[in-house]
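Participant: here is my input; please provide its structure:
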Amino acid sequence: MSKTKEINKHFYGLDLLRGISGYGVAICHFYAFIYQNVFLEYLSFIFVEFFFVLSGFVLFPQLLTVLENKKNLFIFYKRRWLRTLPLYFICLVIISIMFNKLFTQDFFKYFFFLQDFFPNFLDVSYYPVVWSLSIEEFFYLLFPIFLLFSNKKNFLKNCAYLFLFLIFIKLFFVNYFDTYFLRTGTLLRFDAILLGFLMRYVYLKFDFKQSAILSLLFMFLYIFLKDMILLNKDLFFIKLSFILLLQFFSAIILIFFCKLEFLSNFLIFKKLSLIVSRQTYSVYLTHMIFIYFLKDLNTNSSIKFIVYLLLLIAISSLSYYFVEKPILKTRPKYL
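Facilitator: Numbering: from 1, shown residues only. The predicted model follows:
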């Protein structure tokens, strides 16, 4: 497959996974933050992990173009930051105004994606969901340094070595940090995106049935380890297994959705996948604003949830067509 075709190859199954993940996080957080549902809070962890492997899977062929032509590095930065930063800054300003935090120390920590560089670094964690964006942005910033020591021939092998190295680093820190920071610490999670790189090759080795069986197995193991942590068994093995299982479960699910490409023959599947995928980024960034707005609304949970869902669908659609899409059109193409 040519470089251009590989970069532009569209996985409609991954569009669906992206949409499910975005709305999955939003729905889980609705019940976790408003009704203190602990199970759904842990379920949201899985949906966020999907974003990391998805990001790595999609970015891998783009970074290969940087290896082929170093001029593409600046194009890579422009494309990623035009995609991720404008809407983030808009939402950050809105939620900071809601909490009277605009231009405070915490605001600037969020602004420069420093909120999860250290444990308990914020005075008030008023935008908790964007820890994952901090990981993504610093990965974009720092990973090109790694490219200086790679070429197209050894790139995948070097990514595998770096992935293993980061796992060993995490092994060292398991006893120093709690499970939350091991999962959200900015510099501790680059391995999750690298796993997505590796999946770009591995997904060809699995068929639909194998990925489905492995997905179920990993799900049962995840539920078991989640219960162990809830029972305060915060042991070395339990913490490490929980974090790694999240990553590998996400990787297997990604493969499973890659294998749904046969459904792209159905027009309704393609349209639904595209619609929910386009809404995902806005849903992820805006849903906490709506949760804060609805939290103290004096009405029953069903009505509150319906209002929440309608707001998400409406605002994310408007955001895509009037904010994100016009900006995306300005992104340069790779050389």
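Participant: what residue lies at the spatial centre of the chain?
Facilitator: F51 (2.7 Å; CA atoms, centre = their mean).
Participant: does it really touch S132, like I thought?
Facilitator: Yes. Contact status for F51 versus S132: in contact at 6.1 Å, counting by CB atoms under 8 Å. (Glycine included, C-beta is placed from N, CA and C.)
Participant: for L114, give me its contacts.
Facilitator: By CB atoms under 8 Å, 6 or more residues apart in numbering, the residues touching L114 are F121, S134, T186.
Participant: still on that earlier bit, can you tell me which helices and strands the helix or strand where the residue nearest to the centre of the chain lies packs against?
Facilitator: Using DSSP states H and E, the element containing F51 is helix 38-68. Packing partners of helix 38-68 (3 or more CB pairs under 8 Å, 6 or more residues apart in numbering; DSSP states H and E): helix 3-8, helix 12-35, helix 72-98, helix 131-147, helix 155-173, helix 190-202, helix 208-230, helix 236-258.
Participant: could you list the buried residues of that helix?
Facilitator: 40, 42-67 (16 or more other CB atoms under 10 Å).
Participant: likewise stretch 137-151?
Facilitator: E137, F138, F139, Y140, F143, P144, L147, S150.
Participant: give me the pLDDT for the fifth one.
Facilitator: Read it as F143. pLDDT recorded at F143 is 89.
Participant: from Q62, how far out is K333?
Facilitator: 11 Å (CB to CB, to the nearest Å).
Participant: where does L297 land in three-state SS?
Facilitator: coil (DSSP: H, G, I helix; E, B strand; the rest coil).
Participant: just want the phi and psi numbers for it.
Facilitator: The phi and psi values for L297, taken as degrees, to the nearest 10, are phi -70, psi 130.
Participant: now do K152
Facilitator: phi -60, psi -30.
Participant: below-threshold pLDDT in the stretch 101-250 of the chain: ranges please.
Facilitator: Applying pLDDT under 70 to the stretch 101-250 of the chain flags residues 204, 206-242.
Participant: and G196, what does it touch?
Facilitator: G196 neighbours (CB under 8 Å, 6+ apart): F52, V53, L54, S55, G56, F57, V58, L59, F60, A251, L254.
Participant: my read: the fifth one touches V202, true?
Facilitator: No. The pair G56 and V202 does not pass the contact test of CB under 8 Å, sitting 11.6 Å apart.
Participant: what strand or helix carries V124?
Facilitator: Counting by DSSP H and E, V124 is part of no helix or strand.
Participant: which one of the contacts of L114 is nearest to Y308?
Facilitator: Using CB to CB, S134 comes nearest to Y308 of the contacts of L114, at 25.3 Å.
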